[in-house]
Structure formats: structure tokens, C-alpha cells
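J.: predicted model, plus sequence, below.
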Amino acid sequence: MSLSAVQLAAATLINITDSDGNGIGLGDTALGAFQLSGTELQLLTATTLELATAGNVTVDNITAANSNTVTNLTIDAVGAITFATAASTFNALTVEADGAVTANVDITTDVGALLIDADDDNNAGTGTGLLTVAAGVTLTSAAGITLDATTGGITFTAAGTLNAVNGVTINDAVAATAGTLTIDADTDNDGTGTFTTIAAGTINSTGQTLDITAGDVVIGGAVTAATLINITDSDGGGIGLGDTALGGFQLSGAELQLLTATTLELITAGNVTVDNISATNSNTVNTLTIDAVGAITFASAASTFNA
């Protein structure tokens, strides 16, 4: 398509659909003869822009200037969506693929949320449904990050990073067995960014290190690391381990029981209160280290650990 000299403005919604289903190239790479370049994107002004295709989408080198006139961009593909060649930045981005999503380069949202669903139809028959994050890639959001891949799960091929101001949510199984996975769910350190996993959002980082920084954690799925899990309180307000919250941060006994590691280290610039951790709660952690700049208090009910 060509928008070389025309500014298109819509107060609410612009829908652009690929008519032949051969795919859409967004940015520097054409796909199926359809290309919406960064310069053309910059001519579109809308609260929401939705790009829809029955084929695949390739996203390549969309700058903040290119995407700044679109408040929310949604990319909806029956096929696969690939972020390739050069990093891209958006105000807010929703990625919905039935086939799969591959992030070979960094993806950033500099105003709103980043949501990636690699299996939007939840149907194994329309592709792998796999979200793949390539080695060294960082996903960054000025709001929150949500990752979803019902059928295929989420794979980090080597070291990877998730950085969000206001929370990271994992909805489906993660495999991160080839490098350190670093997750900062509260990059502005104001205590409001929560790291959340639901029951299906298991994390397998066997043989690696898992680093989590957050204002709080809500652990609903099993987290496994053969070596080391670090959990750091982002705002220094303290950590409550067990039945008592402290500074808005609580790792309950039930949540601790979902963590498996040779070593788990809890780190805060504040205080720590430990209350009623049973042998069952702590049995999947060989060695627990509690590291606080402030005071550590064992209170209310007795606690038991392996080491």
C-alpha cells in the first residue's frame, strides 16, 4: 500500500486488512507484496490501529517516531508473527497470532502495555502456538507485560530479559533452560509492579539462574531452577515470608512450596518477617538465604527449612 503524501486520522479505530491473506510486512520488510512501512505508519493517527491478515506478519524496525501517532496497535494474524532484523518500539502493543510468535529482536512499548498471545485461538491445529524469544532479546514495557501461549508454551532459546514498570504476568508454561532469565516487574521501583504466574504458567529454568525483581509476587504455577532463584524486593519495603506480609510483599508458604531450587535467595533493602513456614512449604528448596539490609524477624509461629 502507498500512503506517501496522505495523513489518515481517526479518533478511534483504523482497521487495515490484507485482502488476499498472503501476509503483512510492517516496517522495512514486505511480505506477500503487502508492506506498511514505518514512514507510512507515521501518517496514521488513531486511538487503535488493527492490522489483520489470514497469513503471516513480519515486523522490522518500527521506531518510536514511526508509531507515536497510534495509541494502541493490534496485530492479528491467523499465521505466525515474527519480529525480525531490527528492534521495534510502540506506544502500546497487542500481538495475537493463531500460529506462533517469534521475537528475534527487542520489542518495546514506551507508554502502555505489551501483550503477546502466540496461540490466540487456543487451537493446536492452526500452528505450533509457540512463543519463542531468541537469545539476548529484551521485552520492555512502560506498563505491564503479559505472555500467553496456550498450546505451544513460551521458550527462551538462551538468556532473556523481561522489563516492565507495572507487572509481568505469565499465563502459560515457560522453558528457559539455556540461559539466565531476568525478570524485573517493577523497573521504576515504586512497589506496584507484581510478578504473577497462574497455575498453567509454570517456569522451567533447570540448570540456570532465574532472577526476579518485583514489588510483590503472586506464584500460581511451579517454578523450577536446578541452581539458583533470586527474588528481590524492588522498593526496599521489606519481604514477608509465610503468613505475614511486609511492605506489600508476601511470599506465602504455599507459594514457596511451588519453588524448586538448589538455592533460593530473598533480597531486600528493608526488613524481613518469617512466619509459619512448614517443612512441607520449604522442602523443595535445598538452601534458603535471606539477605536483608534491615532486620530479620522470626515471628508468631515456628518455621522449618532444609538449610
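T.: Yep, that arrived. Quick caveat: nothing in here was measured; it's all calculated off a predicted structure. Numbers count the residues shown, from 1 in each chain.
J.: list the buried residues in stretch 55-69.
T.: Within stretch 55-69, the residues that count as buried by 16 or more other Cβ atoms under 10 Å are 55-63, 66-69. The way it works is simple: take the backbone N, C-alpha and C, and place the C-beta from them, glycine included.
J.: those into TSV, with extra columns for pLDDT, secondary structure and distance to Thr287?
T.: As requested, these are arranged in TSV below (pLDDT from 0 to 100; DSSP: H, G, I helix; E, B strand; the rest coil; distance: Cβ to Cβ, whole Å):
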residue	pLDDT	secondary structure	distance to Thr287
Gly55	96	coil	51
Asn56	97	coil	47
Val57	98	strand	46
Thr58	98	strand	46
Val59	98	strand	43
Asp60	98	strand	45
Asn61	98	coil	46
Ile62	98	coil	45
Thr63	98	coil	46
Asn66	98	helix	49
Ser67	98	helix	46
Asn68	98	coil	48
Thr69	96	coil	52
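J.: return the member of the residues you listed nearest to Val137.
T.: When the buried residues of stretch 55-69 are compared for distance to Val137 (Cβ to Cβ), Val59 comes out closest, at 13.2 Å.
J.: which strand residues bridge the closest one?
T.: As for beta bridges, Val59 partners with Leu26, Phe83 under DSSP bridges.
J.: surely it touches Thr85?
T.: No: counting by Cβ atoms under 8 Å, Val59 sits too far from Thr85 to count as a contact (9.2 Å).
J.: and for those two, which residues touch both?
T.: For the pair Val59 and Thr85, no residue contacts each of them under the criterion Cβ atoms under 8 Å, 6 or more residues apart in numbering.
J.: which two of the buried residues of stretch 55-69 have the greatest separation?
T.: In the buried residues of stretch 55-69, two members sit farther apart than any others by Cβ to Cβ. They are Gly55 and Asn68, at 27.1 Å.
J.: next structured bit after the strand or helix carrying Ile229?
T.: When elements are assigned from DSSP states H and E, Ile229 belongs to strand 223-233. Using DSSP H and E, the next helix or strand after strand 223-233 towards the C-terminus is strand 239-242.
J.: just for this structure, where's the confidence low?
T.: For the chain, applying pLDDT under 70 flags the ranges 1-11.
J.: what about the helices in it?
T.: 38-41, 64-67, 253-256, 279-282 (DSSP state H).
J.: closest one to Thr244 among those?
T.: Checking the helices of the chain against Thr244 by Cβ to Cβ gives helix 253-256 as the closest, at 10.9 Å.
J.: please identify the buried residues of that closest one?
T.: By neighbour count, and taking 16+ other Cβ under 10 Å as the criterion, the buried residues in helix 253-256 are Gly253, Glu255, Leu256.
J.: for the residue nearest to Asn286 when sequence neighbours are not counted, give me its contacts.
T.: For Asn286, ignoring the flanking residues on the chain, the nearest one in space by Cβ to Cβ, 6 or more residues apart in numbering is Thr262 at 4.9 Å. Counting by Cβ under 8 Å, 6+ apart, Thr262 touches Ala225, Ala226, Thr227, Leu228, Asn286, Thr287.
J.: separation between Thr262 and Asp190?
T.: From Thr262 over to Asp190 the distance is 32 Å, taken as Cβ to Cβ, to the nearest Å.
J.: can you check Leu131 too?
T.: Leu131 is 28 Å from Asp190, by Cβ to Cβ.
J.: and the two? which has more neighbours close in?
T.: Leu131 (26 against 13; other Cβ atoms under 10 Å).
J.: contacting residues for that one?
T.: Leu131 sits next to 100-103, 116, 118, 147-149, 152-155 when contact means Cβ under 8 Å, 6+ apart.
J.: fine, thanks again, bye for now.
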